[in-house]
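In: I need the structure of the sequence given here:
(chains A and B)
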Amino acid sequence: MDSSDAREHLEMVERIVAASSRKLEVSGEFFLVWGLASGTLDLIFQLVNDGRLPLATVWAGPLLIVAAVLYTAVRVRRFRAMPGARMTLLEREFLNVLWIALAMAFAVNLVGGHIFSQWAQAAIWSVAAAIALFYIAVHGNRRALVGGIVLLLSIAFANFSVPIAGYVLAGGMYLGYAGFGLADMLARE
Amino acid sequence: MDDLLLSKIRLSVVAELLNVQWVSFTDLARAIETTNGNLGAHLAKLVDAGYIAEEKTYAGRRPLSRYSLTETGRAAFVAHVRQLEALLSAAPEGNRS
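Out: Sure, this is the predicted structure:
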């Protein structure tokens, strides 16, 4: 191989690597679905707390989460089966962050029931959601930054309005998380 | 130089896999712009050398092959690119641009 071949090969490698080193792209529909499910969960707990819904309604919460999980599983399965589908290392790293944040929130909710009150447990999910959005934000997505800030603000507001904390946290999830998902989907169209 | 990566198609395959977790056969064929048969032969050599890993799944009833870069492949790619750069920098000034 001479220097001209070496240059040609290096330029080809640079072109390919530049094309594949794209920014982190996430699918807004997952944030929309999970934001709506989580927000509705907070809303149901608040409405039951206020006596506006019967106690049995709280069972709708886990059903919502199961529905969101099933939806996610089906969509991911379909995506992976697409012939043109590819997953970048950055996307894999984001999925790891998302998975760790959600698993930690779930674990804390499971084992910390006596030290975290009902609204604290709901707020932990908002923190996990904010972590995911801020991770996307540091890769240049301003909508995710706004969504993360909305989630943090909802926690701050809920802290000073405990009687309606569920409404406030639900609003944070709807606006910050689901809102980010919807905005991202609209921006792609 | 890595003999296996002297082929432009095999080097392209490894470069395509560098920043991704996995890529399907169809997507690789589209990106590299070669025939399925030719790509399949090159992929087999890379798999045999342990540079890439092959995973066979099904999309419905349709078989789907996808590929990822192994640590061996990544290390070989880095070493090969360094050698290409060394060759280029050692070339006389007039031959570089």
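In: switch to C-alpha atoms for all contacts and neighbour counts from now on
Out: Will do.
In: the helices in the chain, which residues?
Out: In the absence of a named chain, chain A is used. A:3-20, A:28-49, A:60-81, A:89-111, A:118-137, A:142-159, A:165-172, A:179-188 (DSSP state H).
In: Not quite, go with chain B.
Out: Counting by DSSP H, the helices of chain B are B:8-18, B:25-32, B:36-48, B:71-90.
In: helices or strands up against the second one?
Out: Applying 3 or more C-alpha pairs under 8 Å, 6 or more residues apart in numbering or on different chains; DSSP states H and E, we find helix B:25-32 packed against helix B:8-18, strand B:62-69.
In: what about 10 Å?
Out: The contact analysis (3 or more C-alpha pairs under 10 Å, 6 or more residues apart in numbering or on different chains; DSSP states H and E) places helix B:25-32 against helix B:8-18, helix B:36-48, strand B:62-69.
In: Put together TSV for those, with mean pLDDT, distance to residue B:77 and mean neighbour count on each row.
Out: Listed next are the helices and strands packed on helix B:25-32 as TSV, based on pLDDT from 0 to 100; distance: least, C-alpha to C-alpha, whole Å; neighbours: other C-alpha atoms under 10 Å in any protein chain shown:
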stretch	mean pLDDT	distance to residue B:77	mean neighbour count
helix B:8-18	92	7	22
helix B:36-48	94	12	15
strand B:62-69	86	10	18
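In: Could you point out which of those sits nearest chain A?
Out: helix B:8-18 (6.0 Å; C-alpha to the nearest C-alpha).
In: And the pLDDT for the residue in chain B that chain A sits nearest to?
Out: Using C-alpha to the nearest C-alpha, the single residue of chain B nearest to chain A is residue B:20, 3.7 Å away. For residue B:20, the pLDDT comes out at 82.
In: Residues in a beta bridge with it, which ones?
Out: As for beta bridges, residue B:20 partners with residue A:88 under DSSP bridges.
In: I'd assumed residue A:20 was in contact with it.
Out: Yes - if you go by C-alpha atoms under 10 Å, residue B:20 and residue A:20 touch, sitting 7.5 Å apart.
In: Give me the more crowded residue out of these two.
Out: More crowded of residue B:20 and residue A:20, by other C-alpha atoms under 10 Å in any protein chain shown: residue B:20, with 20 against 17.
In: looking at chain A, which helix or strand is least sure?
Out: None of the helices or strands of chain A scores lower by mean pLDDT, DSSP states H and E than strand A:86-88, at a mean of 67.
In: So residue A:176 is in contact with residue A:131, correct?
Out: No - Residue A:176 is beyond contact range of residue A:131, at 11.9 Å (criterion: C-alpha under 10 Å).
In: Please enumerate the shared neighbours of these two.
Out: Here residue A:176 and residue A:131 have A:148, A:151, A:152 as joint contacts, going by C-alpha atoms under 10 Å, 6 or more residues apart in numbering or on different chains.
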